[in-house]
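Colleague: Sequence isn't available, so here's the structure alone:
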């Protein structure tokens, strides 16, 4: 087990207990932590949020438990299976741990992914119900966003999540800070922003993080496991962090969050509604990639039977160069003029018969155009 030393910090003039770990016993280290070139976990910090606490120097200066060169890896907004899986595999490749601040409705969509994150030893935390900006909401709506998110994430996880919360967009109204403190939930801001949502490039995301660390020397790093830049750039970033000698600190709660019965019922109702939706539409829960079927699964092929269509019975096309008039009266007038012109230029019956017998390849009469069109030149 981890041996924990208690330290006390001043928070709004009130003593708030935060527990910082000493080095773990060797037997507790993950098997891969002895490999060279991997980040591993340098230490675990167990945090007591029973009296409320705020972390992250971008917004708060209350508590700083990180030593020079230490970092905390955090991911927001998920889970989103294809991209979250890439992040998890990269973290596992470096034998390191992170904290995932999950959106409640995202967690209910894929509870198996939530449990997979927990199974791999990462901390599952909270990031509201639907990622609305808390500072723009009424007190009632903002409270519902927080509490329903906590209940939904805990329901998807199958047990209470960590009492850690990050405000969407880092929008932290004082009323909601006070609410979280009363609920014994810790607030986590950031030190370094990857800005991964502004680029699709993994290398751009990686360089932003490395520049921020070079400037500050340590910190809580914000990334999003729903962003393409993070899913593609996380492995190179972890490689670079290991090469630069940074140490990962894994944050864990002293005790889990306590959910509220009112919001547990709403979360359960939403989860049941999701299950019914998936049951009625089997493809809704299927992977985008389908398995390849074998040949014996296809029905026997039958020869294609072509049935010739009847003669084309549409009216003759209009004369080339004559636009279709919009007025019915004008159209009728032009049509009468065209018929009169055609009648005047047509040869007499005697001439037509004589001319036709003179040449077998001469164009057929106008009134016999269907026979000529479907004769195939014979």
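Modeller: Yep, it's here. Keep in mind it's a predicted model, so treat the numbers as computed, not measured. Numbers count the residues shown, from 1 in each chain.

Colleague: all strands of this protein, in order?
Modeller: Under the criterion DSSP state E, the chain carries strands at the ranges 4-11, 14-21, 43-47, 54-55, 70-76, 99-102, 123-126, 164-165, 186-188, 192-193, 219-224, 247-253.

Colleague: Pipe these into a markdown table and attach mean neighbour count, mean pLDDT and distance to residue 262 per row.
Modeller: Heads up, the C-betas are built off the backbone N, CA and C, glycines and all. Output for the strands of the chain, formatted as a markdown table (neighbours: other CB atoms under 10 Å; pLDDT from 0 to 100; distance: least, CB to CB, whole Å):
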| stretch | mean neighbour count | mean pLDDT | distance to residue 262 |
| --- | --- | --- | --- |
| strand 4-11 | 12 | 34 | 28 |
| strand 14-21 | 16 | 42 | 27 |
| strand 43-47 | 20 | 96 | 27 |
| strand 54-55 | 24 | 97 | 26 |
| strand 70-76 | 25 | 98 | 26 |
| strand 99-102 | 28 | 98 | 20 |
| strand 123-126 | 25 | 98 | 17 |
| strand 164-165 | 26 | 98 | 18 |
| strand 186-188 | 26 | 98 | 22 |
| strand 192-193 | 21 | 97 | 34 |
| strand 219-224 | 25 | 98 | 30 |
| strand 247-253 | 21 | 97 | 23 |
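
Colleague: Pull the number of nearby residues for residue 51.
Modeller: Around residue 51 there are 15 other residues, counting by other CB atoms under 10 Å.

Colleague: any idea how far it is from residue 81?
Modeller: Shown here: residue 51 relative to residue 81, a distance of 37 Å by CB to CB, to the nearest Å.

Colleague: Over to residue 66?
Modeller: 31 Å.

Colleague: Tell me which of these two has more neighbours.
Modeller: residue 66 (21 against 16).

Colleague: tell me the pLDDT at that one?
Modeller: With respect to pLDDT, residue 66 scores 97.

Colleague: Return the residues in contact with it.
Modeller: With contacts defined as CB atoms under 8 Å, 6 or more residues apart in numbering, residue 66 is in contact with 72, 218, 219, 220, 249.

Colleague: Now for residue 253: which residues touch it?
Modeller: So residue 253 contacts 46, 47, 49, 123, 162, 163, 164, 186 (CB under 8 Å, 6+ apart).

Colleague: For it, give the beta-bridge partners.
Modeller: residue 47 (DSSP bridges).

Colleague: And the helices in the stretch 1-150 of the chain, which stretches?
Modeller: 81-93, 104-109, 111-119, 139-157 (DSSP state H, counting those that start in this stretch).

Colleague: Which of these sits closest to residue 238?
Modeller: Of all the helices of the stretch 1-150 of the chain, it is helix 81-93 that lies closest to residue 238, at 5.8 Å by CB to CB.

Colleague: Quick check, residue 56 in contact with residue 192.
Modeller: No: between residue 56 and residue 192 there is no contact under CB atoms under 8 Å: 9.7 Å.

Colleague: and for these two, which residues touch both?
Modeller: residue 220.

Colleague: returning to that earlier point: closest to residue 32 among the contacts of residue 66?
Modeller: Closest to residue 32 out of the contacts of residue 66 is residue 249 (17.6 Å), distances taken as CB to CB.

Colleague: how about low-confidence regions in the stretch 251-378 of the chain?
Modeller: 282-331, 334, 341-342, 344-378 (pLDDT under 70).

Colleague: again, but for the stretch 1-150 of the chain
Modeller: Using pLDDT under 70, the stretch 1-150 of the chain drops low at 1-31, 33-34.

Colleague: please redo it, this time with the cut-off set to 80
Modeller: Residue ranges of the stretch 1-150 of the chain with pLDDT under 80: 1-36.

Colleague: Correct me if wrong: residue 35 contacts residue 96.
Modeller: No: with contact defined as CB under 8 Å, residue 35 does not count as touching residue 96 (11.3 Å).

Colleague: more crowded one of those two?
Modeller: Using other CB under 10 Å as the criterion, residue 35 and residue 96 rank with residue 96 on top: 26 against 12.

Colleague: what's near enough to touch the nearest residue in space to that one that is not next to it in sequence?
Modeller: Closest residue to residue 96 apart from its sequence neighbours, by CB to CB, 6 or more residues apart in numbering: residue 39 at 4.3 Å. Going by CB under 8 Å, 6+ apart, residue 39 touches 94, 95, 96, 238, 241, 242, 246, 247, 248.

Colleague: neighbours of the closest residue to residue 243 other than its chain neighbours, just the number please.
Modeller: Nearest non-adjacent residue to residue 243, counting by CB to CB, 6+ apart: residue 37, 7.9 Å away. Neighbours of residue 37 under the rule other CB under 10 Å: 8.

Colleague: can you check the one 5 residues further on too?
Modeller: When neighbours are counted by other CB under 10 Å, residue 42 registers 18.

Colleague: which residue sits closest to it, ignoring its sequence neighbours?
Modeller: residue 247 (3.6 Å).

Colleague: Next, the contact list for that neighbour, please.
Modeller: Here residue 247 is in contact with 39, 42, 43, 67, 69, 70, 71 (CB under 8 Å, 6+ apart).

Colleague: repeat that with 6 Å
Modeller: 42, 69, 70 (CB atoms under 6 Å, 6 or more residues apart in numbering).

Colleague: so can I have CSV of those residues showing distance to residue 259?
Modeller: Shown next, in CSV, are the contacts of residue 247 (distance: CB to CB, whole Å):
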residue, distance to residue 259
42, 32
69, 37
70, 31
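
Colleague: for those, which one is nearest residue 332?
Modeller: Nearest to residue 332 among the contacts of residue 247, counting by CB to CB, is residue 70 at 89.8 Å.

Colleague: For that closest one, which residues count as its bridge partners?
Modeller: residue 247.

Colleague: any idea how far it is from residue 64?
Modeller: For residue 70, the distance to residue 64 - CB to CB - is 10 Å.
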